[in-house]
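> Sequence first, then the predicted structure:
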Amino acid sequence: MIEIPESKIIQELISQARQIAAYAYTPYSHYPVGAAAYFTSGKIYPGCNVENASYGLTICAERNAIFQAIAQGERQLVSLAIYVPQEVFASPCGACRQVMREFAADCSVILINQQGLTRNLKLAQLLPDSFGPGDLSKISDQVGK
Ligand code: THU
């Protein structure tokens, strides 16, 4: 069972994801995204997307938030909130789903639109039959390492 944060935390995640979207660097797509990642320590880490003239170097808001947390010693992701200033919710890209999977077997994913509506998802829904850190140890067990 995944942990669902209490409503006070969810409100804080929504607020921080919304606020950080204002700092998104998006001169190419004009598509700002804000994310807020909640880890087991109880701390929240916000992140925005940061684009680059060399387009492929762009980092998504979700990965930016998660990497900020990892750099502070966090390891276990509980919940990730994602805000976009438009009516249509933004679902995390495949790369971000896989990075979430690295730090959570499952976690809650909260999508937020400009109107403040939310959609609650689970990572296991977004990334079924996932490949994760545990799968690497299975092969090394087989080869006797
Ligand atoms: N983007 C995110 O930050 N998160 C997502 O889940 C989808 C896409 C960013 C990357 C790029 O800066 C812009 O949105 C358009 O793709």
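Great, that's in hand.

> what residue ranges in the chain score low on pLDDT?
Scanning the chain with the threshold set as pLDDT under 70 gives 138-145.

> where does it come near the ligand, residue by residue?
Contact residues (C-beta under 6 Å from any ligand atom) of the chain with the ligand: 26, 29, 31, 33, 49, 51, 58, 60-62, 90, 92-93, 96. Quick note: C-beta positions are derived from backbone N, CA and C, even for glycine.

> Next step: those residues restricted to helices.
61-62, 96 (DSSP state H).

> Which of these ranks first by neighbour count?
residue 61 (30 neighbours; other C-beta atoms under 10 Å).

> Now do the same contact list for it.
20-21, 24, 33-35, 47-49, 82 (C-beta atoms under 8 Å, 6 or more residues apart in numbering).

> Among those, which pair sits farthest apart?
24 and 82 (12.0 Å; C-beta to C-beta).

> residues shared between the contacts of those two?
The contact lists of residue 24 and residue 82 share 33-34, 61, where a contact means C-beta under 8 Å, 6+ apart.

> Name the next helix or strand following whichever strand or helix holds residue 8 along the chain.
Counting by DSSP states H and E, the element that carries residue 8 is helix 7-21. Next helix or strand after helix 7-21 toward the C-terminus (DSSP H and E): strand 34-39.
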